[in-house]
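Peer 1: sequence unavailable; structure follows:
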C-alpha cells in the first residue's frame, strides 16, 4: 500500500510515521494491510498543500492509495490575526488534497477539531451535531471539512482535541517546563474537553482507514476534564514540586475565544471499528513516562 502523510513533522504526522514503521504501539498491532506499506512523508518544505498545482502534480505522480492530512495551522490566536493564512492552510489546502485524491481514487483522512462547534454544550458533541464555530481557527477547519466532503468520496474526517505527542510543542510539555521553572502555576478551570494522546488517535485512524466506513469520526481520549485538572495531573505524574491554582477564562486574557465545553462523543468510532481510546489519565501517565525516558537517553 502506498501512503502519503502530509504535515509529517508535526506531532500526529510523526506519530503516524513511527507507528507504520513499528507496526504496533501501546494499543496493539495495526492491521496486516499496512505490512510493507510504502510511506511518503511530506511537510510544507517538500509539499505546500496550499499550492494546487504542486499538490495535484505530486499526488498524480505518486498515486497513493491512502492520504492522511495532518497539515494544519493550529495556533488559535494566530488564526485570528491572519485569517487568510488560516483559510489557506486549513481549508484550501485540504480541498486541493481532496480534489487530487479523487482523481487517483485514493482514500483521504483529514484531521479536524472540536473547535468546529460553538463550545457551549452541556453533554458531549456527536458527529451529527450542528457546527457553529466562533473562532477563525474553528471556521477555517470547518470550511476544510466541507471542502473535503464535497471533493472526495472516500473521505474520513477525524475530529480530535487537546492533542499531545512526542515531537513539537504541546500543553503537557509547556506545563512541565513552566512547573520546573516557576514552581507555581495558574490554569483555567472553566473550559472542559478531552485530552488525547497522539498514539491513540493514530492507531484508530489506521483502523478506520482500512475500511469503507467513510464519514466524520470523533476520536478523543476517554473522559473529560478542565485545563486545570489536566495541568494538575501533568505535575503529579511528573513528580514536579509545583502548586497549581485555578483561574477563569476571563482572567487568562487570550485574544481568541475558547470553548467552555467542547467534549466529543466517539459515537461513530464505537459503531464501526470500536472505541479503544484510553482513559485520558492512563494515556497521559504513559506519555510522561515516555518523555522522561527520551530525556534520559
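Peer 2: Cool, got the structure. This structure is a prediction, so every number in the text was calculated from the model and none was measured.

Peer 1: now the helices for the stretch 101-250 of the chain?
Peer 2: 136-151, 171-182, 198-209, 227-238, 249-252 (DSSP state H, counting those that start in this stretch).

Peer 1: and the ones you listed, which one's lowest on average pLDDT?
Peer 2: In terms of average pLDDT, helix 249-252 trails the rest of these, at a mean of 84.

Peer 1: in it, what counts as buried?
Peer 2: By neighbour count with 16 or more other C-beta atoms under 10 Å, helix 249-252 contains the buried residues residue 249. Any C-beta I mention is one placed from the backbone N, CA and C, and that applies to glycine too.

Peer 1: continuing past it, what's the next helix or strand?
Peer 2: Using DSSP states H and E, the helix or strand that follows helix 249-252 in sequence is helix 267-271.

Peer 1: got the buried residues for the following helix or strand past that next one?
Peer 2: Using DSSP H and E, the helix or strand that directly follows helix 267-271 along the chain is helix 280-296. Buried residues in helix 280-296, defined by neighbour count with 16+ other C-beta under 10 Å: 280, 281, 283, 284, 285, 287, 288, 291.

Peer 1: quick one: the fifth one and residue 196, what's the gap?
Peer 2: If you measure residue 285 against residue 196 using C-beta to C-beta, to the nearest Å, the figure is 14 Å.

Peer 1: same question for the first one.
Peer 2: Here the distance between residue 280 and residue 196 works out to 8 Å (C-beta to C-beta).

Peer 1: residues shared between the contacts of the two?
Peer 2: Counting by C-beta atoms under 8 Å, 6 or more residues apart in numbering, the shared contacts of residue 280 and residue 196 are residue 221.

Peer 1: find the nearest non-adjacent residue to residue 87, please.
Peer 2: Nearest residue to residue 87, sequence neighbours excluded (C-beta to C-beta, 6 or more residues apart in numbering): residue 140, at 5.0 Å.

Peer 1: to clarify, my last question referred to residue 151.
Peer 2: residue 98 (3.6 Å).

Peer 1: what's next to the lowest-mean-pLDDT helix or strand in the chain, contact-wise?
Peer 2: Least confident helix or strand of the chain, by mean pLDDT, DSSP states H and E, is helix 249-252 with a mean of 84. The contact list for helix 249-252, computed with C-beta under 8 Å, 6+ apart, reads 186, 188, 190, 191, 258, 260.

Peer 1: tell me where the stretch 51-200 of the chain has strands.
Peer 2: 66-69, 107-113, 155-160, 163-164, 184-188, 192-193, 196-197 (DSSP state E, counting those that start in this stretch).

Peer 1: what lines up beside the second one in the sheet?
Peer 2: Counting by DSSP bridges, the strands paired with strand 107-113 are strand 66-69 (parallel), strand 155-160 (parallel).

Peer 1: ok, back up a step: of the contacts of helix 249-252, buried ones?
Peer 2: Of those, these count as buried by 16+ other C-beta under 10 Å: 188, 190, 191, 258, 260.
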